[in-house]
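Novice: Okay, sequence plus prediction incoming.
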Amino acid sequence: AQSVTQPDIHITVSEGASLELRCNYSYGATPYLFWYVQSPGQGLQLLLKYFSGDTLVQGIKGFEAEFKRSQSSFNLRKPSVHWSDAAEYFCAVGANQAGTALIFGKGTTLSVSS
Amino acid sequence: DTAVSQTPKYLVTQMGNDKSIKCEQNLGHDTMYWYKQDSKKFLKIMFSYNNKELIINETVPNRFSPKSPDKAHLNLHINSLELGDSAVYFCASSQRMATEAFFGQGTRLTVV
């Protein structure tokens, strides 16, 4: 069965500092991997996705993520965090299989300090 | 021109009542989902429909019944509401199962 682990429940980063949010997945084949962001009271917005090909993927708002098969990881990075990046971040895994849906990690809350 | 819209956004109701949440997508997607987000923000799949056919039915009380009148709509009806049903319910859609999903704004259900 697929599963996603986000080891960090809460991270605080200074504005302008770099950010890395961790995500580890469990899946037998090559998964589809996603990062979503949820601002307070809002729905989920897709930041980026990985299906195949180049293992470094670029997303919106200056985010990128790197797929590392050997580590079963798909960590999200941003070189310089802005105060508006404070939100809840979810990693998700999907599979090209009938009868499946995206499985989400428990999320990481990002706080940005000035 | 919202891609996935769900109504209402907020729903406050008493225990024992029956309520419905409506969802519509204008993306032409074949697959629609209902997710439940609990107070700890954990997102759990409840149901998934593909071309109006129920594909995923997770271990959800049978008081919850999804209905898909057509590919663009997936409604959620909840009977005999309980305090534990309080949560945010998200509708989502995708072109195929388990690929990029687009989410609605959520319905915050509060049972008192």
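Specialist: That came in fine, so what should we check first? The shown structure was predicted, so the numbers you read here are calculated from the model rather than taken from an experiment. Numbering: from 1, shown residues only, chains lettered A, B, ... in the order given.
Novice: Give me the below-cutoff pLDDT ranges for chain A.
Specialist: A:98 (pLDDT under 70).
Novice: roughly how far apart are the closest residue to A:Q58 other than its chain neighbours and A:K78?
Specialist: Nearest non-adjacent residue to A:Q58, counting by CB to CB, 6 or more residues apart in numbering or on different chains: A:E64, 5.2 Å away. From N, CA and C alone the C-beta is placed, and that goes for glycine too. Distance, A:E64 to A:K78, by CB to CB, to the nearest Å: 7 Å.
Novice: what about these two, which has more around it?
Specialist: A:K78 (21 against 16; other CB atoms under 10 Å in any protein chain shown).
Novice: isn't the more buried one right up against A:S84?
Specialist: No: A:K78 is beyond contact range of A:S84, at 11.6 Å (criterion: CB atoms under 8 Å).
Novice: Can you tell me which residue is spatially central in chain A?
Specialist: Taking CA atoms, centre = their mean as the criterion, A:W35 is the residue nearest the geometric centre of chain A, at 3.4 Å.
Novice: three-state assignment of it?
Specialist: Classification of A:W35 by DSSP: H, G, I helix; E, B strand; the rest coil places it in strand.
Novice: So which bits of chain A are right by chain B?
Specialist: Residues of chain A lying near chain B by CB under 8 Å from any CB of the partner chain: A:32, A:34, A:36, A:38, A:42-46, A:49, A:51, A:88, A:90, A:94-104, A:106-107.
Novice: mind redoing it with 7 Å?
Specialist: With CB under 7 Å from any CB of the partner chain as the criterion, chain A comes near chain B at residues A:32, A:34, A:42-44, A:46, A:49, A:88, A:90, A:94-95, A:97-102, A:104, A:106-107.
Novice: now, which of the residues you listed lie within strands?
Specialist: Per DSSP state E, strands hold the following members of the residues of chain A next to chain B: A:32, A:34, A:44, A:46, A:49, A:88, A:90, A:94, A:104.
Novice: okay, these in a markdown table with neighbour count and distance to B:S68 next?
Specialist: Output for those, formatted as a markdown table (neighbours: other CB atoms under 10 Å in any protein chain shown; distance: CB to CB, whole Å):
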| residue | neighbour count | distance to B:S68 |
| --- | --- | --- |
| A:Y32 | 20 | 24 |
| A:F34 | 28 | 24 |
| A:L44 | 27 | 21 |
| A:L46 | 16 | 23 |
| A:K49 | 18 | 25 |
| A:E88 | 19 | 29 |
| A:F90 | 26 | 25 |
| A:G94 | 24 | 21 |
| A:F104 | 22 | 22 |
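Novice: For A:S114, state which of those is nearest.
Specialist: Distance to A:S114, by CB to CB, is smallest for A:E88 among those, at 19.9 Å.
Novice: How many neighbouring residues does the residue nearest to the closest one when sequence neighbours are not counted have?
Specialist: Excluding its sequence neighbours, the residue lying closest to A:E88 (CB to CB, 6+ apart) is A:Q38, at 4.5 Å. Neighbour count of A:Q38, defined by other CB under 10 Å: 22.
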